[in-house]
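Colleague: Task: produce atomic coordinates for the following.
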Amino acid sequence: MTVVGLDDTDSRERGMCTTYVAAEIAERLRRASDGDDPVSRLLLVRLNPAVEYKTRGNAALAIHTDCEPDRAFDIARDRLESLAETADERTNPGLVVAPGEPDDVPAAVSTFTGRAVRDHLEITDATALLERHGYRSWHAGDGRGRIGALAAIGSWKGLEGWTYERISYRESDRWGTPREVDPESVFAAADRGYPAVWDTVDRGEDETVCVPHTPGPILHGVRGDDPETVRAVAEGIEGEPVASSQLFVTNQGTDAHLRDGTLESVADGRAYRLDGRVASSPETRRGGHVFFDLEGVRSGDDGRPPSLECAAFEPTKRFRDRIRSLRVGDRITACGEASRGTLKLEKIAIRDLVTTERVTPICPDCERTMESAGRDQGYRCRDCKTNADGKAQRDLERDLEVGWYEVPPCARRHISKPLVRGGFDGPTHPER
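Modeller: Numbers count the residues shown, from 1 in each chain. Just a heads-up that it's a prediction; the model follows:
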């Protein structure tokens with residue numbers, strides 16, 4: 001068995017897609033074989049979505065094949081040199097080929113994969129491992145793509161909780177032109193496949209999420225938990241001709257990027273699950289972004305609890321209404337990426353809601369609002385002269401319930417886990 005890893009072949013402006021390059025390599029490997037299909041699977045591995053040098057989805061690819069390593073290397077290098085958008089100075093493709101079974105990669109390589117998903121790595125981190133294990137590699141530009149390529153090599157052993165995506169590709173003469181896809185067929189197919197297939201559409205925004213808007217070879221990509229249902233949904237989408245399609249095993253929809261943390265430990269460029277209490281009323285600022293402060297439940301050395309600004313940005317659409325409904329004192333778990341000292345929210349769990357508030361008491365005789373009788377002297381009704389020792393408690397009507405809330409499909413990161421997939425520690429309120 002041979003594992004082929006590749007990364008960083010696409011460009012924000014010029015298009016291309018590393019999944020397409022991987023599919024092309026897999027097809028060449030099949031053509032070079034005289035026997036059974038030499039390709040057992042293709043992996044689409046989403047790495048840390050917060051790294052600044054990523055292109056779009058920060059995906060690395062792996063191909064598991066029976067082709068012998070040197071032959072696989074030559075075929076893969078030829079395809080990368082032909083297809084990678086190296087005219088863009090920010091595209092720095094990398095290729096790594098490792099002999100042996102995917103389950104047998106060294107522990108250091110599978111650990112490297114976990115770090116690539118949750119942390120930041122340097123090119124030297126990859127090259128040191130390449131030299132230690134004698135893996136053949138190739139690169140263009142500064143070779144940053146070798147980081148993702150090596151992470152893809154270790155992913156089968158280093159990651160858990162795989163899902164699927166079936167990607168359909170356009171005829172090459174249509175690349176860069178508007179995609180012709182029938183929206184009604186997308187919504188109908190999505191309804192038939194839900195909940196095993198998710199994030200195909202966003203019903204609240206009336207958007208076909210599976211159809212990209214960027215230049216490149218992809219016509220649509222359908223994600224889900226079951227490969228056969230994913231295939232059926234993809235085949236139910238009507239539109240322009242499909243040139244080819246490929247099923248990928250992927251870590252999308254798994255929350256593999258999240259780490260459990262505390263407010264004191266948060267560092268930019270990582271993603272966290274954080275427990276705390278809402279410490280300020282949500283505020284809508286210019287652009288429609290909503291901010292509030294999250295406060296730790298324990299005090300620091302100075303006696304004050306640590307705090308962190310949290311934000312639901314405008315692209316999260318109706319999720320912002322959930323955030324606006326929070327009140328000071330609500331206990332939550334917040335999930336998202338830390339950037340410039342702010343947690344960019346992907347989902348939250350309501351653990352405990354404030355259900356009462358303290359208000360100025362009402363006179364029991366005349367039902368008028370009492371007035372302060374002076375500092376620490378309670379309240380007094382000016383007309384009836386009745387007294388109250390302090391403020392009264394009033395029940396609150398809340399628009400939120402205990403449980404998990406998430407951004408809608410149109411705002412979901414590839415690696416973020418949709419609530420409909422289950423496995424959460426509380427009730428869920430999925431977005432469709």
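Colleague: Quick one: the helices in the stretch 51-200 of the chain, in order.
Modeller: For the stretch 51-200 of the chain, the helices defined by DSSP state H, counting those that start in this stretch cover 69-83, 107-118, 123-133, 145-158, 183-193.
Colleague: Of those helices, which stretch is the most buried?
Modeller: helix 145-158 (a mean of 28; mean count of other C-beta atoms under 10 Å). Where you see a C-beta, it was placed from the backbone N, CA and C, and this is true even at glycine.
Colleague: Run the angle between that one and helix 123-133 for me.
Modeller: Our comparison of helix 145-158 with helix 123-133, counting by axes from the mean of the first three to the mean of the last three C-alpha atoms, to 10 degrees, yields an angle of 60 degrees.
Colleague: Give the other helices and strands that helix 145-158 contacts.
Modeller: The elements that helix 145-158 packs onto, with contact taken as 3 or more C-beta pairs under 8 Å, 6 or more residues apart in numbering; DSSP states H and E, are strand 2-7, strand 39-46, strand 59-65, strand 94-99, helix 107-118, helix 123-133, strand 136-139.
Colleague: and the fourth one, C-alpha only, in PDB?
Modeller: Looking back up the chat, that one is strand 94-99. Included here for strand 94-99 are C-alpha records, laid out as PDB according to Å, rounded to 0.1, in the frame of the first residue of the first chain:
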ATOM      1  CA  GLY A  94       3.400  20.100  -1.900                       C
ATOM      2  CA  LEU A  95       3.500  16.400  -2.500                       C
ATOM      3  CA  VAL A  96       4.500  13.600   0.000                       C
ATOM      4  CA  VAL A  97       4.500   9.900  -0.800                       C
ATOM      5  CA  ALA A  98       4.800   7.300   2.000                       C
ATOM      6  CA  PRO A  99       5.100   3.500   1.600                       C
END
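Colleague: what packs against it?
Modeller: Counting by 3+ C-beta pairs under 8 Å, 6+ apart, strand 94-99 packs on strand 2-7, helix 69-83, helix 123-133, strand 136-139, helix 145-158.
Colleague: Report all helices and strands that the longest one contacts.
Modeller: Spelled out, that is helix 69-83. Counting by 3+ C-beta pairs under 8 Å, 6+ apart, the elements that helix 69-83 packs against turn out to be strand 2-7, helix 18-31, strand 59-65, strand 94-99, strand 136-139.
Colleague: returning to that earlier point: so which of the helices and strands packed on helix 145-158 gets nearest Pro315?
Modeller: Ranking the helices and strands packed on helix 145-158 by proximity to Pro315 (C-beta to C-beta) places strand 39-46 first, at 18.5 Å.
Colleague: which stretch among the helices of the stretch 51-200 of the chain comes nearest Gln377?
Modeller: helix 107-118 (56.3 Å).
Colleague: rewinding a little: would you reformat the helices and strands packed on helix 69-83 as CSV and include mean neighbour count?
Modeller: What follows is the helices and strands packed on helix 69-83, written out as CSV (neighbours: other C-beta atoms under 10 Å):
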stretch, mean neighbour count
strand 2-7, 29
helix 18-31, 22
strand 59-65, 27
strand 94-99, 27
strand 136-139, 20
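Colleague: Same list (those) but as a markdown table, adding mean pLDDT and distance to Cys335.
Modeller: Compiled in a markdown table, those are given as follows (pLDDT from 0 to 100; distance: least, C-beta to C-beta, whole Å):
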| stretch | mean pLDDT | distance to Cys335 |
| --- | --- | --- |
| strand 2-7 | 95 | 26 |
| helix 18-31 | 93 | 26 |
| strand 59-65 | 96 | 21 |
| strand 94-99 | 96 | 30 |
| strand 136-139 | 93 | 34 |
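Colleague: in this structure, which strand has the most residues?
Modeller: As assigned by DSSP state E, the longest strand anywhere in the chain is strand 342-352.
Colleague: Going by neighbour count, list what's buried in it.
Modeller: Thr342, Leu343, Lys344, Leu345, Glu346, Lys347, Ile348, Ala349, Ile350, Arg351 (16 or more other C-beta atoms under 10 Å).
Colleague: Ok, stretch 233-250 next?
Modeller: Quick answer for stretch 233-250 (16+ other C-beta under 10 Å): Val233, Ala234, Gly236, Ile237, Gly239, Glu240, Ser245, Gln246, Leu247, Phe248, Val249, Thr250.
Colleague: quick one: low-confidence ranges for the protein?
Modeller: Along the chain, the model assigns pLDDT under 70 to residues 10-16, 53-56, 84-89, 298-303.
Colleague: Okay, domains of it per the record?
Modeller: Following the assignment in automatic domain parsing, the chain carries domains at 2-158, 163-250, 259-355+397-424, 356-395.
Colleague: of all these, which lies closest to Arg432?
Modeller: Arg432 sits nearest to domain 163-250 of all these, at 5.0 Å, using C-beta to C-beta.
Colleague: now that closest one, how far from the centre of its chain.
Modeller: Relative to its chain's centre, domain 163-250 lies at 18 Å (C-alpha atoms, centre = their mean, to the nearest Å).
Colleague: first to last residue in it, what's the distance?
Modeller: Criterion C-alpha to C-alpha, to the nearest Å; first-to-last residue distance in domain 163-250 is 5 Å.
Colleague: Tell me how many other residues surround Ser168.
Modeller: Using other C-beta atoms under 10 Å, Ser168 is surrounded by 23 other residues.
Colleague: Any figure for the gap between it and Ser33?
Modeller: 24 Å (C-beta to C-beta, to the nearest Å).
Colleague: follow-up on the earlier one: just the buried residues of stretch 233-250: which are in strands?
Modeller: Among these, the members that lie in strands (by DSSP E) are Ser245, Gln246, Leu247, Phe248, Val249, Thr250.
Colleague: so what's the fifth one up against?
Modeller: The contact partners of Val249, taken as C-beta atoms under 8 Å, 6 or more residues apart in numbering, are Arg41, Leu42, Leu43, Leu44, Trp162, Thr163, Tyr164.
Colleague: Apply 6 Å and report the result again.
Modeller: With contact taken as C-beta atoms under 6 Å, 6 or more residues apart in numbering, Val249 is in contact with Arg41, Leu43, Trp162.
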